[in-house]
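Novice: would you be able to build a 3D model of this:
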Amino acid sequence: MEYLTLGYITGSFGLDGTLRILSKTQFQDLRYKKGNKILLYNRKENSRVELTVSSYRSSGEIDFVKTLEVNTKEEADALKGLEIQAEKKQSDLNEGYFYYSDLRDCKVLDTNGNELGIVKEVEEFPAQVTLRVKRKNAEDFFVPFVKDFIIETNIEKKQIIINVIEGMLWKSQS
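Specialist: Below you'll find the predicted structure:
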């Protein structure tokens with residue numbers, strides 16, 4: 001079973017046990033629908049506890065999620081630092097779409113088939129989603145995940161073909 005990280009608990013909001021979550025998902029409305037199950041993940045113990053969403057609202061990067069199982073400020077505060085997850089289901093996606101986690105560890109190739117590196121992380125900036133690509137013996141470089149740069153994404157082959165522009169693979173002088 002694979003899991004998606006929805007966010008990280010940063011504390012409580014109010015006295016009723018509402019969780020304040022630093023969001024790492026673009027689909028809050030879908031993930032936090034009333035009655036949906038989410039998972040509280042404790043990385044140290046490698047354990048998951050199922051929670052049931054009773055209400056949700058968002059304010060920018062912060063999600064406020066009330067669950068049936070957490071009912072006091074103290075209970076919510078005790079969960080600070082834990083991760084909120086959901087089961088990864090391909091059936092949740094429309095054809096031709098994929099999860100950001102599917103992009104991690106993909107080989108990045110130029111249009112000539114030269115391997116440039118491996119996707120280390122998918123980062124969300126205000127302007128667009130960007131791939132951080134780790135290279136051997138050089139600093140990471142960034143590729144905006146937009147049509148001008150991404151020629152092909154093949155999740156089955158774990159590879160992404162990009163259009164390299166001047167300056168993209170700049171190597172710093174250390």
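
Novice: give the contact list for the residue nearest the centre of the chain.
Specialist: In the chain, the C-alpha nearest the mean C-alpha coordinate belongs to residue 24, at 5.0 Å (C-alpha atoms, centre = their mean). Applying C-beta atoms under 8 Å, 6 or more residues apart in numbering, we find residue 24 in contact with 5, 6, 7, 8. C-betas here are computed from N, CA, C, even on glycine.

Novice: how's the chain carved up into domains?
Specialist: According to automatic domain parsing, the chain comprises the domains 3-89, 100-162.

Novice: quick check: the gap between the residue nearest to the centre of the chain and residue 142.
Specialist: Look at residue 24 and residue 142: by C-beta to C-beta, to the nearest Å, they are 19 Å apart.

Novice: equivalent analysis for residue 157, please.
Specialist: According to C-beta to C-beta, residue 157 stands 22 Å off from residue 142.

Novice: quick one, phi/psi of residue 31?
Specialist: Main-chain torsions, residue 31, degrees, to the nearest 10: phi -70, psi -40.

Novice: and it, what is it in contact with?
Specialist: By C-beta under 8 Å, 6+ apart, the contact set of residue 31 is 6, 25, 38, 86.

Novice: tell me which of the residues you listed has the lowest pLDDT.
Specialist: Confidence by pLDDT is poorest for residue 25 among those, given 82.

Novice: tell me the SS of residue 116?
Specialist: What DSSP: H, G, I helix; E, B strand; the rest coil gives for residue 116 is strand.

Novice: looking at it, it is touching residue 131, isn't it?
Specialist: No - with contacts defined as C-beta atoms under 8 Å, residue 116 does not count as touching residue 131, sitting 10.7 Å away.

Novice: the two: which has the busier surroundings?
Specialist: Between residue 116 and residue 131, counted using other C-beta atoms under 10 Å, residue 131 has the larger neighbour count: 25 against 21.

Novice: export only the CA atoms of the top strand by length along the chain, formatted as CSV.
Specialist: Scanning the chain for the strand with the most residues, using DSSP state E, yields strand 47-59. Output in CSV follows, covering the C-alpha atoms of strand 47-59 (Å, rounded to 0.1, in the frame of the first residue of the first chain):
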residue,chain,number,x,y,z
SER,A,47,2.2,3.6,12.7
ARG,A,48,-1.0,4.9,11.2
VAL,A,49,-4.3,5.7,12.9
GLU,A,50,-7.5,6.3,10.9
LEU,A,51,-9.4,9.5,11.5
THR,A,52,-12.8,10.6,10.2
VAL,A,53,-13.2,14.1,8.8
SER,A,54,-16.2,16.0,10.3
SER,A,55,-15.4,19.5,8.9
TYR,A,56,-12.8,21.4,6.9
ARG,A,57,-11.8,24.9,5.8
SER,A,58,-8.7,26.4,4.3
SER,A,59,-6.7,29.6,4.7
